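Colleague: 3D, please:
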Amino acid sequence: MNKILSFVRRALFAVALSALSVSCFDEMHPGTYYTFTGQTMADYLVQDSAYGFSSFLKVLKKARVYGELETYGTYTCFAPTDAAFEEYLESRNIPSIDSLTFEDCDTIVRTHLINMVLFLSEQNEGGLPSVNQLNRFLVLGYKEDTLPSGIIKARPTINRESVVIKGDDTVQNGVVHVVDKVIRVSGDYIYDIVKQNPKVSLFFSALDLVRLEDSLERWHDETYSVSYDSAYVGIIKQGGGSDYTIRYVPEKNYGFTVFAETDEVYGQHGITSLQDLIDHANQVYHEAYKDEYDTLGNRFDTIWYDDRCPLRRFIRYHILPFSVPSIINFNCREDIIKAKVETSLIDAEDYFEAYLPHSLMRVSRILGNEKYSGVFINRRGVGTDGEGEFGRSFYRGIKVLEVESETMNEGCNGYMFYIDDILEYSDFIRNNILDRRLRVDCCTLSPDFMTSGARQKQTESNYEGVGFLQPTNFHSFNQNYCMWVRSAFVANISYQGDGLDLQGNYDIMLKLPPVPHDGTWELRLSYRGSAGCGVVQNYVGDDPLRLAPCGIPTDLRYSAQENPNIRWKADADFEGDTVAIDADDKAMHNRGYMKGPDSHWTSDKAERFRDYNLIARRVITTDYFKADNDYYLRMKLVLDNPNAEMNFDYLEWCPKSIFAVKEDWH
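Modeller: So this is what the prediction gives:
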């Protein structure tokens, strides 16, 4: 029965918003929505007689925002009805709207406004692709209502509780969605959210024991500042032949994502007490860090605040140092997966450094309604049929699950998700599952890119980006350049439809994601040639003050086909001679380059990266790397050009077990 309901939920969500277009949404889209000629968002709220927005109008005026909604602009407004405000005030024992302070009203208004137009009928379930004016994600979901006839009706919701009762009403300066509750935004830290959930009591007991409360109560970075014009007006930069509007993040926030096993999951493994969980962590992490514990013994097993404590390691591997609002927001957007990823060859995947120092987590998303669809941690396989890869057996991994709708999963600085099995950075995960080519999208390299909502952001124009100054994991040796995360769209010729762009006399250093085990690894960077780009010298090492130069500089001004150092040839030139193609691949690799992967497309299945002559991968270095060391990559423009560009797309760690044999093209 649960499987049937699950199928019905997914099917109904696909039609829920279009169904409401008939019953509640009075207009259709695109092209047939009724446009309120000359009517602004403020006019809409004043003139509506069906629901009444007098309370919201008072809040808008008290927050001094009403005037903005009278003028031209680009907004999405979630408008609570008068009945919604009556319930809001009653639940908080507030006598009237007049009792709300300016700060209260400002928070309410900024919660309900987004600075771009978002038609809900065009959005997928999960975090909306642009943050609200509080720089917080709003989450689109749905609630199921069973009618007396037995028919299940799906109703769109925002942040689980606020039901959209009328939506996609266009006005001159945006779109209005009417909601039946004031949208709730939690003021609790993520630590408190975990604490309040009775289903994860064992996990919280361990979290509390290892003393991470202070760490998980970080939120604002008070040292960060940027000018109003840079954040809200934006600056114009020329990138890729087009003018980009760059707006810097107005404030820098810390965020966390917590994966928690329920007590029921622990019980399935015979873990019913905190001591059982301590014993389990000791066993797993003594094996995973055997060389270290052979020296240390077990004397750190009960020193809960020490990072060498096995239980502390266990808990820290359950935390990512950034926040995402829904399980579908770990990977690239669904429209990009369908258009750009050849899912018969590879899963949509991302790699993140966890809150456990020097640990790595693979998160992959599999589309479809089959047995293995969903979001998984440390999975090995391709698609929904349970097949392995690299000649190794299939491993299901840990499935990530949303917290039930009636339970809060959002804190002011993060989100919590359930997982359906015990998550460990075990010896098997480190040396087996993660012994693979690790392709890391550059827009995931800083937690700031993720928490701010810059990664996979959807904007009105494809030529927009979010600017960053000294993001976490990056160091700039000068400020004579601009760095931005490009808005994601299908037609962008990049790995996941977005990219990290640099322009100017850039000289930056990046702390690389860790390798999962000691050994010989090859470090590679994506390469896309363009006349507007520069010449870059790369440096790598574990001492940021003494990085070693890696080979000759990379000339980014030429395509892979034009660059004499690469000597790129199309596979078609060899007329199906696979032996000759393999020999050409080997010769190119010996010159320090590789073709792009055949598992990704330039745009909407137009041309595979492997066949696209602007793209190649540069082998930066091949060396012995240790799992418990920090390593750094420096990229320095060596050809003075104040307008030089660099499209930083993805990097790869590839172990010798893969590159020493015939590596696949994927």
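
Colleague: Is it correct that residue 200 is in contact with residue 263?
Modeller: Yes. The pair residue 200 / residue 263 is scored as a contact, 7.0 Å apart, by CB atoms under 8 Å. (Each C-beta comes from the backbone N, C-alpha and C, glycine too.)

Colleague: More neighbours: these two, which one.
Modeller: Per other CB atoms under 10 Å, whichever of residue 200 and residue 263 has more neighbours is residue 200, with 25 against 15.

Colleague: For that one, give its distance to residue 264.
Modeller: Separation of residue 200 from residue 264 (CB to CB, to the nearest Å): 10 Å.

Colleague: Kindly report the same for residue 120.
Modeller: 34 Å.

Colleague: Looking at the two, which is more packed in?
Modeller: Neighbours were counted for residue 120 and for residue 264 using other CB under 10 Å; residue 120 has more, 22 against 11.

Colleague: Phi and psi next, for that one.
Modeller: phi -60, psi -30 (degrees, to the nearest 10).

Colleague: gap between the two ends of stretch 59-67?
Modeller: With CA to CA, to the nearest Å as the measure, the ends of stretch 59-67 fall 12 Å from one another.

Colleague: do stretch 602-620 as well
Modeller: First-to-last residue span, stretch 602-620, CA to CA: 24 Å.

Colleague: What's the mean pLDDT across it?
Modeller: Averaged over stretch 602-620, pLDDT sits at 92.

Colleague: quick one: buried residues of it?
Modeller: For stretch 602-620, a neighbour-count test (16 or more other CB atoms under 10 Å) marks 602-603, 608-610, 612-620 as buried.

Colleague: In strands, which of these fall?
Modeller: Among the buried residues of stretch 602-620, the members found in strands (DSSP state E) are 615, 616, 617, 618, 619, 620.

Colleague: What is the most widely separated pair among these?
Modeller: 615 and 620 (16.3 Å; CB to CB).

Colleague: Spatially nearest residue to residue 94 (excluding sequence neighbours)?
Modeller: residue 100 (6.8 Å; CB to CB, 6 or more residues apart in numbering).

Colleague: now do residue 485
Modeller: residue 454 (4.0 Å).

Colleague: I'd like to know how far the one you found sits from residue 53.
Modeller: Residue 454 is 32 Å from residue 53, by CB to CB.

Colleague: Compare neighbour counts for these two and give me the winner.
Modeller: The residue with more neighbours, out of residue 454 and residue 53, is residue 454; 26 against 23, by other CB under 10 Å.

Colleague: Now do the contacts for the more buried one.
Modeller: By CB atoms under 8 Å, 6 or more residues apart in numbering, the contact set of residue 454 is 249, 443, 448, 465, 466, 468, 485.

Colleague: Of these, just say which sits nearest to residue 305.
Modeller: Minimum distance to residue 305 across the contacts of residue 454 is 26.8 Å, recorded for residue 448 (CB to CB).

Colleague: residues contacting residue 410?
Modeller: 139, 159, 185, 186, 193, 325.

Colleague: Go ahead and confirm residue 560 touches residue 554.
Modeller: No. Between residue 560 and residue 554 there is no contact under CB under 8 Å: 11.4 Å.

Colleague: Mutual contacts of the two, please.
Modeller: Common neighbours of residue 560 and residue 554 (CB under 8 Å, 6+ apart) are residue 527.

Colleague: Touching stretch 652-660 from outside, list them.
Modeller: 390, 435-440, 512-513, 515, 519-525, 617, 622, 663.

Colleague: what about 10 Å?
Modeller: Stretch 652-660 is contacted by residues 351, 360, 390, 431, 434-440, 512-517, 519-526, 589, 594, 597, 617, 619-620, 622, 624-625, 631, 663-664 when judged by CB atoms under 10 Å, 6 or more residues apart in numbering.

Colleague: Which among those count as buried?
Modeller: Here, 16+ other CB under 10 Å leaves 351, 360, 431, 434-440, 512-517, 521-526, 589, 594, 597, 617, 619-620, 622, 625, 631 buried among these.

Colleague: hang on, the earlier thing: tell me the least confident of the contacts of residue 454?
Modeller: Lowest pLDDT among these: residue 249, 90.

Colleague: backbone phi and psi for that one, please?
Modeller: Dihedral pair for residue 249: phi -60, psi 130, per degrees, to the nearest 10.

Colleague: which residues touch it?
Modeller: Contacts of residue 249 (CB under 10 Å, 6+ apart): 131, 135, 224, 226, 230-231, 448-449, 451-454, 466-469, 471, 485.

Colleague: again, 6 Å this time
Modeller: Contact analysis of residue 249 by CB atoms under 6 Å, 6 or more residues apart in numbering lists residue 452.

Colleague: measure it to residue 216 for me?
Modeller: 21 Å.

Colleague: Now do residue 28, the pLDDT please.
Modeller: The model reports residue 28 with a pLDDT of 29.

Colleague: I meant to write residue 106 there.
Modeller: Value for residue 106, per-residue pLDDT: 92.

Colleague: Next: residue 220.
Modeller: 86.

Colleague: OK, contacts around it?
Modeller: Residues near residue 220 by CB under 6 Å, 6+ apart: residue 253.

Colleague: Is it bridged to anything, and to what?
Modeller: Assessed by DSSP bridges, residue 220 has beta-bridge partners residue 253.

Colleague: from the ones in strands among the buried residues of stretch 602-620, which is closest to residue 648?
Modeller: Using CB to CB, residue 618 comes nearest to residue 648 of those, at 11.7 Å.

Colleague: Quick check: chain neighbours aside, which residue is closest to the residue nearest the centre of the chain?
Modeller: With distances taken as CA atoms, centre = their mean, residue 330 lies nearest the centre of the chain, 4.2 Å away. Once flanking residues are discounted, residue 330 sits nearest to residue 363: 4.6 Å by CB to CB, 6+ apart.

Colleague: three-state assignment of the one you found?
Modeller: Assigned with DSSP: H, G, I helix; E, B strand; the rest coil, residue 363 falls in the strand class.

Colleague: mind checking which helix or strand residue 251 is in?
Modeller: Per DSSP states H and E: residue 251 is located in neither a helix nor a strand.

Colleague: Now it. Its backbone dihedrals?
Modeller: Dihedral angles of residue 251 (phi, psi; degrees, to the nearest 10) stand at phi -150, psi 150.

Colleague: Quick check, pLDDT for it.
Modeller: For residue 251, the model assigns a pLDDT of 86.

Colleague: what about it, how many residues close to it?
Modeller: When neighbours are defined as other CB under 10 Å, residue 251 has 14 of them.

Colleague: Which residues are in contact with it?
Modeller: Counting by CB under 6 Å, 6+ apart, residue 251 touches no other residue.

Colleague: and the gap between it and residue 223?
Modeller: For residue 251, the distance to residue 223 - CB to CB - is 11 Å.

Colleague: you'd agree residue 636 is up against residue 539?
Modeller: No. At 7.2 Å, residue 636 does not count as touching residue 539 under the criterion of CB atoms under 6 Å.

Colleague: ok, and the closest non-adjacent residue to residue 38?
Modeller: residue 172 (6.4 Å).
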